[in-house]
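> need a 3D model of the following:
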Amino acid sequence: MDGLIELVCGALNSSPEAAKESGRALFLPEERIYSSYQEMIEKESQLPEDQRMDFVSIVTPNSVHFEPAIMALEKGFHVVIEKPMTFTLNEAKQLKQKVEETGLLLLLTHTYTG
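Have a look, this model is predicted:
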């Protein structure tokens, strides 16, 4: 919205066909449209730093925030995550520990306004 972030890749749907269709609609390069967050994080982590995504924005269903967040941090990516950060206090503590270990950023957003 502010023109400062460019969408460079995505895992945009749990259905591989729908993910490809969504990625094409957003003009993403075919090779950077992924069928799962696991594939996206793994493949992006193998790219040179100046070519890979800078951070992961997690907008999965609420119950599926922790796994992609911890994986992204473990693979060296900053994380932007929509509330709730996690479903349990233990998961939140694990994310906090991983942030402290890696020095990466974890940003929690609250997009619902009404």
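
> quick one: low-confidence ranges for the protein?
Residue ranges of the chain with pLDDT under 70: 1, 112-114.

> and if we set it to 80?
Counting by pLDDT under 80, the ranges of the chain that qualify are 1-3, 111-114.

> what are the ranges of the helices in it?
Assigned by DSSP state H, the helices in the chain fall at 16-25, 37-45, 66-74, 89-102.

> domain-wise, how is this structure divided?
What the record gives for the chain is the domain set 7-49, 54-114, from automatic domain parsing.

> mind putting these in a markdown table, mean neighbour count included?
Where you see a C-beta, it was placed from the backbone N, CA and C, and this is true even at glycine. Putting those into a markdown table (neighbours: other Cβ atoms under 10 Å) gives the following:
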| stretch | mean neighbour count |
| --- | --- |
| domain 7-49 | 15 |
| domain 54-114 | 15 |
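
> great, nothing more from me.
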